[in-house]
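S.K.: Next come a sequence and a model predicted from it.
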Amino acid sequence: MKSRILRRVAASAVALACTVLGAVALPAAPATASPIRNATAWSVLLCKFSDKPAEPQPPSHFANFLTAAGIGTGGVADYLADQSGGRVSLAGSVVRGWYTMPYTLAQFQSIDRWTRIQRCVDTAATAGYAVPAGNRIAVMLNDWVDSGAAGGRVLLDPGAWNVGFAAHEMLHGYNWDTRCPTTPRTRTRHGPSRASTTTRGTR
């Protein structure tokens, strides 16, 4: 556990540095970059494993951390607004959950990141919350498995609940290149694959 924590601390420090480098370069982004204007809503879904009932933080924690409710508290909303010159707002973002998935922690070890995210999305839908069209998706897991981006969606486990790492991964949701050599993109003939677009040691 200690070695995993140290790896996460190191990864978060790298992510923060890379996020700063990428975000401050936004005005020089190529014309092909996706234009971002005003509110960019995220659906933040909290999911826990069937054999891990603990809820490490209440939904209010993630509202302050990842939505406009946290303006003025030093969360991701403040960071993105500052680094984008006010272009990016998280207004309209919501937090939903905790939802209990019909999967154990062990069952999540052998699947890819995209599938991990989708299983939480499906669980939320079964419980009555369908992600609105146009909302970006960030999934929080209640135990250590994996964190990063896949197909423009974000997955964060407890080891990645910090502004540096989260902001870095959320930039992928805007199709912004963070220009960091430690976060290679997996590409196919048709662009980024649905597989992990950002890598970070899992276990």
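M.R.: Good, I have the coordinates.
S.K.: got the contact list for Arg116?
M.R.: Phe108, Val139, Leu141, Val145, Asp146, Leu155 (Cβ atoms under 8 Å, 6 or more residues apart in numbering). Every residue, glycine included, has its C-beta placed from N, CA and C.
S.K.: Of those, which is the nearest to Thr100?
M.R.: Of all those, Leu141 has the smallest distance to Thr100: 11.9 Å, by Cβ to Cβ.
S.K.: thinking that closest one is in contact with Ala54, fair?
M.R.: No: look at Leu141 against Ala54 with Cβ atoms under 8 Å: they stay out of range, at 11.3 Å.
S.K.: Among the contacts of Arg116, name the ones in strands.
M.R.: Val139, Leu141, Leu155 (DSSP state E).
S.K.: Just put these in TSV and tack on pLDDT and distance to Arg113.
M.R.: TSV is the format used below for the ones in strands among the contacts of Arg116 (pLDDT from 0 to 100; distance: Cβ to Cβ, whole Å):
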residue	pLDDT	distance to Arg113
Val139	98	10
Leu141	98	11
Leu155	98	6
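S.K.: Let me have those residues in JSON lines, adding distance to Asn64 and neighbour count as columns.
M.R.: Formatted as JSON lines, these follow (distance: Cβ to Cβ, whole Å; neighbours: other Cβ atoms under 10 Å):
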{"residue": "Val139", "distance to Asn64": "18", "neighbour count": "26"}
{"residue": "Leu141", "distance to Asn64": "19", "neighbour count": "27"}
{"residue": "Leu155", "distance to Asn64": "20", "neighbour count": "25"}
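S.K.: Touching both of Leu141 and Ala54, which residues are there?
M.R.: Lys48.
S.K.: Which parts of this protein are strands?
M.R.: Under DSSP E, the chain gives strands at 42-48, 94-100, 136-141, 148-150, 153-156, 187-188, 191-192.
S.K.: Could you tell me the least trusted of those?
M.R.: Of all these, the minimum mean pLDDT falls on strand 187-188 (a mean of 24).
S.K.: ok, Leu46 - contacts?
M.R.: Residues near Leu46 by Cβ under 8 Å, 6+ apart: Glu55, Pro59, Phe62, Val95, Arg96, Gly97, Trp98, Tyr99, Met140, Asn142.
S.K.: again with Gln57
M.R.: By Cβ under 8 Å, 6+ apart, the neighbours of Gln57 are Trp161.
S.K.: Now render the strands of the chain as TSV, adding distance to Asp78.
M.R.: Below are those laid out as TSV (distance: least, Cβ to Cβ, whole Å):
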stretch	distance to Asp78
strand 42-48	15
strand 94-100	17
strand 136-141	17
strand 148-150	21
strand 153-156	18
strand 187-188	32
strand 191-192	28
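S.K.: still on that earlier bit, out of the contacts of Leu46, who's the most crowded?
M.R.: Highest neighbour count within those, by other Cβ atoms under 10 Å: Met140, with 29 neighbours.
S.K.: Quick check: which ranges of the protein have low pLDDT?
M.R.: Applying pLDDT under 70 to the chain flags residues 1-38, 176-203.
S.K.: Kindly recompute the last result at 50.
M.R.: Along the chain, segments meeting pLDDT under 50 span 1-34, 181-203.
S.K.: How many residues are close by the residue nearest to Asn135 when sequence neighbours are not counted?
M.R.: Closest residue to Asn135 apart from its sequence neighbours, by Cβ to Cβ, 6 or more residues apart in numbering: Ser43 at 4.5 Å. When counting by other Cβ under 10 Å, one arrives at 22 neighbours for Ser43.
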